[in-house]
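**Student:** Quick one: sequence plus predicted model below, questions after.
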Amino acid sequence: PREEQRLFPWFVTLGTALLFIAHPIHTEAVANIKGRDEILALLFSLGTTYLVLRAWHEKNNNLSYLAGGLFFLGLLAKENTITFLAVIPATLYVFTSAKTADIIKLTIPTILGFVAFMIIRTSILGFDMGTESREIMNNAFFGMSSSEKLATIMFTLGKYIQLLIAPITLTHDYYPFHISKMSWGDWRVLLSLGAYIGMTVYALTQFKKKDKIAYGILFFLATLSIVSNVVVSIGTNMSERFMYMPSVGFCFVAAILLYRLGKFLSKKEELKVSDLKMPIALLGVILLLFSLKTVHRNQAWKSNYTLFTTDIKTSKNSAKLRNAVGGEIIAVALQDKNEESKQLVGISDPNQKKQKEQEIDNRFKSKVSEAIVHLTEAAKLHPTYANAFLQLGNAHNYLKKYTQAFDYYNKSLTYKTNSTEALNNLAITYKD
């Protein structure tokens with residue numbers, strides 16, 4: 001084969017893999033145990049695609065049935081694997097000379113894997129796909145009109161693109177009200193709409209020509225669809241871990257664009273390695289910046305405390321994160337107080353011991369007061385947030401401000417009447 005034929009797959013494949021590995025937006029999926037489902041789903045989905053391609057090239061039907069088994073495992077990991085029912089036929093169409101009948105034949109085992117999964121799912125859960133919650137912490141669009149909901153969704157879809165291109169400010173929390181209610185008069189919503197219309201038009205018009213960028217865009221759009229809040233409501237505005245699968249399409253398109261940059265700069269149709277110096281240099285710079293950001297972002301995931309106290313600087317208006325920060329500050333302060341109190345056993349001087357106890361108590365009260373600031377803000381952002389009032393009651397209890405604690409426990413019970421924790425803590429406060 002010509003060097004051009006060797007260079008393109010080499011550069012694009014390696015570039016895609018390196019960009020995917022280094023991308024900072026994957027930090028959440030990798031560092032958070034909740035992201036294991038994302039990792040396994042993508043692993044099994046790509047494995048399925050690989051085996052289907054091998055089945056075509058090697059004319060081995062057994063491999064296609066093995067692919068169906070991997071697809072079933074992917075669905076068990078996470079249901080967004082289902083989007084590969086669109087990705088796999090598209091992959092066969094673009095990267096092979098398979099006819100429609102061949103594509104259908106090779107895809108049948110994955111469809112059977114899907115059917116097997118749905119039989120198990122419906123036998124346990126039935127056909128109920130869930131009802132929308134009337135609690136904003138479980139339904140980010142509660143209280144919005146249809147127009148506002150669609151505008152907010154379109155904004156978050158644009159935010160995903162921005163984070164893929166320039167992952168500068170990352171956070172694990174996009175709950176209300178970090179993402180505010182949007183309208184179609186906002187330029188950011190319109191810009192996002194224009195971007196998605198442009199991508200869709202290009203992909204649909206160029207896909208028949210087996211254009212690789214069109215394929216990458218369709219990969220991105222297909223795998224994004226199920227977590228976009230357009231097809232089904234996912235309970236939150238957005239999450240960086242949801243980009244783990246769609247980002248493969250983004251990285252693929254980025255690698256192709258870098259290769260085409262080499263073509264543009266060299267003014268040649270057939271490239272040599274020397275013609276790719278600028279794209280390789282640019283790729284290296286991007287990888288360096290991505291890697292530095294990923295290493296830095298990983299530090300935030302050391303513990304709940306470091307994660308919450310780091311991300312609150314970004315998600316200042318998230319009621320959920322304000323509440324989480326307040327609770328974690330108190331939990332860590334209690335742990336520190338208990339550890340420091342154990343060290344007092346070796347102090348024989350009563351006066352010195354009393355002084356140390358006072359210092360420990362003062363530090364604890366200072367931390368609790370810091371937590372109260374966050375919890376109060378959580379209650380302001382979400383006036384019916386039962387858990388925020390519960391934790392405010394706990395905080396004031398620790399400070400021995402029992403009257404305020406009573407009030408907050410009662411407020412918590414107003415919005416969650418069956419809260420065992422609030423009832424128990426209220427009883428303990430009365431006792432104290």
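**Tutor:** Cool, the structure landed. This structure is a prediction, so every number in the text was calculated from the model and none was measured.
**Student:** what about the helix of greatest length in the chain, distance to the chain center?
**Tutor:** The longest helix of the chain (DSSP state H) is helix 350-381. Counting by Cα atoms, centre = their mean, to the nearest Å, helix 350-381 is centred 34 Å from the centre of its parent chain.
**Student:** next structured bit after the helix or strand containing Ile120?
**Tutor:** Here Ile120 sits within helix 100-125, counting by DSSP states H and E. The helix or strand immediately downstream of helix 100-125 is helix 146-165, counting by DSSP H and E.
**Student:** Buried residues, that following helix. List them.
**Tutor:** For helix 146-165, a neighbour-count test (16 or more other Cβ atoms under 10 Å) marks 149-161, 163-164 as buried. Glycine gets a C-beta too; all of them are placed from N, C-alpha and C.
**Student:** Quick one: mean pLDDT for the next helix or strand after it?
**Tutor:** Under the assignment DSSP H and E, the closest C-terminal helix or strand after helix 146-165 is helix 187-206. Mean per-residue pLDDT for helix 187-206: 98.
**Student:** Give me the residues contacting stretch 378-393.
**Tutor:** Outside stretch 378-393, the residues that touch it by Cβ atoms under 8 Å, 6 or more residues apart in numbering are 136-137, 176-177, 317-320, 322-323, 326-327, 330, 371-372, 375-376, 404-409, 411-416, 419, 421-422, 425-426, 429.
**Student:** Any idea how far apart the tips of that stretch sit?
**Tutor:** One end of stretch 378-393 to the other measures 13 Å (Cα to Cα, to the nearest Å).
**Student:** Look up how far Ala427 lies from Ile165.
**Tutor:** Separation of Ile165 from Ala427 (Cβ to Cβ, to the nearest Å): 54 Å.
**Student:** Please apply the same query to His57.
**Tutor:** From His57 to Ala427 the distance is 70 Å (Cβ to Cβ).
**Student:** And for Gly143?
**Tutor:** 34 Å.
**Student:** what does Thr376 give?
**Tutor:** Counting by Cβ to Cβ, the gap from Thr376 to Ala427 is 24 Å.
**Student:** between the two, who's got more neighbours?
**Tutor:** Legend: neighbour count by other Cβ atoms under 10 Å for Thr376 and Ala427, higher for Thr376 (15 against 11).
**Student:** coming back round to it: of all the residues in the helix holding Ile120, which ones are buried?
**Tutor:** 103, 106-107, 109-110, 113-114, 116-117.
**Student:** residue ranges with poor pLDDT in the protein?
**Tutor:** 1-5, 128-131 (pLDDT under 70).
**Student:** most centrally placed residue in it?
**Tutor:** Arg241 (2.3 Å; Cα atoms, centre = their mean).
**Student:** Burial check on the residue lying closest to Ile168 once chain neighbours are set aside, number of neighbours?
**Tutor:** Using Cβ to Cβ, 6 or more residues apart in numbering and skipping residues adjacent in sequence, the residue nearest Ile168 is Lys293, 7.7 Å away. The tally of other residues near Lys293 (other Cβ under 10 Å) stands at 19.
**Student:** ditto for Leu344
**Tutor:** 13.
**Student:** Need the three-state assignment for it.
**Tutor:** Under DSSP: H, G, I helix; E, B strand; the rest coil, the three-state class of Leu344 is helix.
**Student:** For it, which residues are in contact?
**Tutor:** 353, 356-357, 360.
**Student:** Same list as before, these that is, but in a markdown table and with neighbour count included.
**Tutor:** Putting these into a markdown table (neighbours: other Cβ atoms under 10 Å) gives the following:
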| residue | neighbour count |
| --- | --- |
| Lys353 | 14 |
| Lys356 | 16 |
| Glu357 | 14 |
| Ile360 | 18 |
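**Student:** how about Ile347, phi and psi?
**Tutor:** phi -90, psi 120 (degrees, to the nearest 10).
**Student:** so how far is Ser366 from it?
**Tutor:** Ile347 is 22 Å from Ser366, by Cβ to Cβ.
**Student:** What of Val325?
**Tutor:** 15 Å.
**Student:** Those two: which is more packed in?
**Tutor:** Between Val325 and Ser366, counting by other Cβ under 10 Å, Val325 is the more crowded of the two (28 against 11).
**Student:** is it true that that one touches His374?
**Tutor:** Yes - with contact defined as Cβ atoms under 8 Å, Val325 and His374 form a contacting pair (4.6 Å).
**Student:** can you list residues touching both of these two?
**Tutor:** Contacts common to Val325 and His374, judged by Cβ under 8 Å, 6+ apart, are Ile312.
**Student:** helix/strand/coil for Met245?
**Tutor:** Under three-state DSSP, Met245 comes out as coil.
**Student:** OK, contacts around the nearest residue to it once chain neighbours are set aside?
**Tutor:** Spatial nearest neighbour of Met245, chain neighbours left out: Thr223 (4.5 Å); criterion: Cβ to Cβ, 6+ apart. Contact analysis of Thr223 by Cβ under 8 Å, 6+ apart lists 80, 83-84, 87, 245-246, 248-249.
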